[in-house]
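> just the structure for this:
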Amino acid sequence: MGYIIHYRISMAIGQKFNLKQKQIPRLSMQTWLPLLQCSLSDLHSHIQNIAHENPCLEVKSGFEMAEGSNSSAHRAFLSYQNQVSNASSDEIEWMSISTQSLFEKLDEQIVAPLFPTPISQKIAKQIIMYINDEGYFEGDIEEVAQECEVSVARAESVRQRFAYLQPYGVGAKDYKESFLFQLTDLDIDDDLSLLLSAMIIQFESLEKFLKHPRLGEAKEILRSFKNPPAIDYMPPAPPVLPDLYVFFENNELTIRMNNAFYPDLKVTQVDKYDNFSKQKFKEARELVKLLDLRKSTLYNVTLVLLEKQYQ
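Next up is the predicted model:
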């Protein structure tokens, strides 16, 4: 590389982050693991639940500011609120536009000639009951056969006909079968179809096909497949609130914690200083340390990932 990458971390308040390895307080593992696994968007409510049982702990959102504040934390919170609001609006719009659900779409297709008999239609509708929101069949075909009083082979043959239903790929057991279902809808020559079938079946070993003369065509078709198959019927995902940001600044690779959304913890002693109060005071102080440890842990993990990229 033409320049040296410097790693540093800067806090919103301009202070350096303490990267010194900290010891997890004794008997705090039950508190530590959920705290580390919790997303930043859920962190405040998670700690608030802990505070409800601890009179020595007061929790305040890092972005709780007076209305009209110009602080960077408050501006960040307003920006996030706007994103969430837009995402909610998008979901409402999606729900209003997508007047037909996945299961309604499937149900209207359970007709002849694909399902010509009452029993085949009964089996197909029973299969639909085991299709999840992503479009995959997550049931047991033997159970479907028992419920419809038919053989397993008969029930499976009906499920295989889902390859011709829209959205294409629905009713498959996994992504590979979904791709094979979607392949049946394509108008391509036999050689390309055979190549794609082999690539799908050996998806974990695609390097075997690197020298195939029609690899480019096959890759373009694979990219066009829906994964999951019912993705067009799924609501948009909510915005993700990051714990930290990584970006280049003056030829330095900077890692910055998203402090605007970290809760502020205040530890106070209660008037009655008995054994219960002592224990709660100790737990509150440990929680403050664990919150700092969460930041340093996430920072160190990010730093290791960055270093691995440039080795």
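
> pull the longest helix from the chain.
Using DSSP state H, we find that the single longest helix of the chain is helix 275-309.

> could you break this structure into its assigned domains?
6-80+240-309, 102-233 (automatic domain parsing).

> is the spatially most central residue of the chain in a helix, a strand, or coil?
Note on the chain: the residue nearest the mean C-alpha position is A237, at 8.3 Å, using CA atoms, centre = their mean. Recorded secondary structure, A237: coil (DSSP: H, G, I helix; E, B strand; the rest coil).

> tell me, what's the model's pLDDT at Q30?
Turning to Q30, the model gives it a pLDDT of 81.

> is it true that A51 touches L57?
Yes. With contacts defined as CB atoms under 8 Å, A51 counts as touching L57 at a distance of 4.5 Å. In short, each C-beta sits where N, CA and C put it, glycine included.

> between the two, which has more neighbouring residues?
When A51 is set against L57 and neighbours are counted by other CB atoms under 10 Å, the residue ahead is L57, at 22 against 18.

> and the more buried one, what does it touch?
Taking CB atoms under 8 Å, 6 or more residues apart in numbering, we find L57 in contact with I50, A51, L265, K266, V267, K280, E283, A284, L287.

> the first one: neighbour count?
Applying other CB under 10 Å, we find 17 residues neighbouring I50.

> just the strands in the stretch 51-200 of the chain please.
Remark: strands assigned in the stretch 51-200 of the chain by DSSP state E, counting those that start in this stretch are 57-60.

> in three-state terms, label E220 for me.
For E220, the reduced secondary structure class is helix; criterion used: three-state DSSP.

> what is the neighbour count of it?
Close neighbours of E220, defined as other CB under 10 Å, add up to 9.

> any regions of the stretch 1-150 of the chain where pLDDT drops low?
Filtered on pLDDT under 70, the stretch 1-150 of the chain yields the residue ranges 1-28, 62-99.

> how does it look with 90?
For the stretch 1-150 of the chain, the stretches flagged by pLDDT under 90 are 1-34, 36, 38-42, 44, 55, 60-100.

> how close does L291 sit to F209?
With distances taken as CB to CB, to the nearest Å, L291 is found 49 Å from F209.

> that should have said N300, apologies.
When CB to CB is applied, the distance between N300 and F209 equals 39 Å.

> kindly report the same for F115.
Here F115 is placed at a distance of 36 Å from F209 (CB to CB).

> neighbour count winner among the two?
In this view F115 and F209 are compared by other CB under 10 Å, and F115 has more residues nearby, 19 against 16.

> does T254 count as helix, strand or coil?
Per three-state DSSP, the local secondary structure of T254 is strand.

> hey, what's it bridged with?
When bridges are taken as DSSP bridges, the partners of T254 come out as R8, F247.

> burial measure for it, as a count.
As a burial measure, T254 scores 16 neighbours (other CB under 10 Å).

> re earlier: for the record, mean pLDDT for the longest helix of the chain?
Rounded to a whole number, the mean pLDDT of helix 275-309 is 90.
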